[in-house]
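sharing a model prediction with you, sequence too.
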Amino acid sequence: MIWTDLWQIQVPLLEKALRTVGVYGGLVVLLRLAGKRDLAQLNSFDLVVLLLLSNVVQNAVIGSDNSLTGGLLGAAVLLAVNAGVVRLANRYSVLVRLFEGAPTTLIRDGQPVAGALRRLGLRRGDVQAACRLQGADDISEIKEATLSPGGSIVVTLDEGRRDVTIAALRAEHARLLAQVRADLEHAVGDLERRLTAAMSPQGEQKHG
């Protein structure tokens, strides 16, 4: 009896698959309508919503079936549908804009974009805290900060505030080395010219 309850699905397979696909599609639409701020989890309220979503839709996916087989089937359908959607979105950019939307500029030239913050329902303090995690100590240091469709904040610092990279250090080292080499070659050449002039007959006459 225990093994029967564990492995035997209590609902038709098609119903299980349709429930999973329906919940997946519904959540995609709801998150798209709710905007990128929920995905960004910039405050505790957004985090609570995302944590509760799985419990809210659990019964819609499970239905009257509590079997292990049904759960694994639902998980397999969910992974397969998501893989298909992601591959289609990667192939067609119009689907990316449809499902996820476009990046939103939150900060430009050190100033918050008030309209974007108001439209997304974001607080300036939450945005500042997220930007600090990206290496910006203050908003004034930011050239541009955007909220991506996936919920991550991408920060571009002013050139004077950016950390020096290894590639930049190597390039500067090569430039300085070339400059020193050029200066040395110029100095040696100038010294050779002076020695040649001093050792020439005219130079010896002047010396004498």
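On my side now, so go ahead.

tell me the mean pLDDT over stretch 27-41?
Stretch 27-41 carries an average pLDDT of 71.

try stretch 122-135
Mean predicted confidence for stretch 122-135 is 78.

next, the buried residues of it.
122, 126-128, 130-131 (16 or more other C-beta atoms under 10 Å). For the C-beta atoms, the positions are set from N, CA and C on the backbone; glycine is no exception.

what does stretch 96-115 give?
Neighbour-count burial for stretch 96-115 [16+ other C-beta under 10 Å]: 99-100, 104, 106-107, 112-113.

and stretch 64-75, by the same measure?
Neighbour-count burial for stretch 64-75 [16+ other C-beta under 10 Å]: 65, 67, 70, 73-74.

which of those sits closest to residue 20?
residue 74 (4.7 Å; C-beta to C-beta).

and stretch 52-60, how far out from the chain's middle?
Centroid displacement of stretch 52-60 relative to its chain, using C-alpha atoms, centre = their mean, to the nearest Å, is 28 Å.

list the buried residues for that stretch?
For stretch 52-60, by 16+ other C-beta under 10 Å, it's residue 57.

can I see the domain layout of the protein?
2-99, 104-161, 166-207 (automatic domain parsing).

what's the end-to-end length of stretch 146-158?
Chord length of stretch 146-158, first to last residue, is 14 Å (C-alpha to C-alpha, to the nearest Å).

now swap in stretch 56-72 and tell me
Using C-alpha to C-alpha, first and last residues of stretch 56-72 are 19 Å apart.

what does it contact?
Stretch 56-72 is contacted from outside by 5-11, 15-16, 19-20, 22-23, 26-27, 74, using C-beta atoms under 8 Å, 6 or more residues apart in numbering.

run through the helices of this protein in chain order.
Taking DSSP state H to define them, one finds helices in the chain at 2-7, 13-34, 37-40, 44-56, 58-62, 68-91, 93-99, 114-120, 124-132, 166-199, 201-207.

lowest average pLDDT across those helices?
Across the helices of the chain, the lowest-scoring stretch is helix 201-207, with a mean of 54.

that older thread, just name the most buried of the domains of the chain.
Greatest average neighbour count among those goes to domain 104-161 (a mean of 16), per mean count of other C-beta atoms under 10 Å.

what's the closest of the helices of the chain to residue 138?
Of all these, it is helix 124-132 that lies closest to residue 138, at 7.9 Å by C-beta to C-beta.
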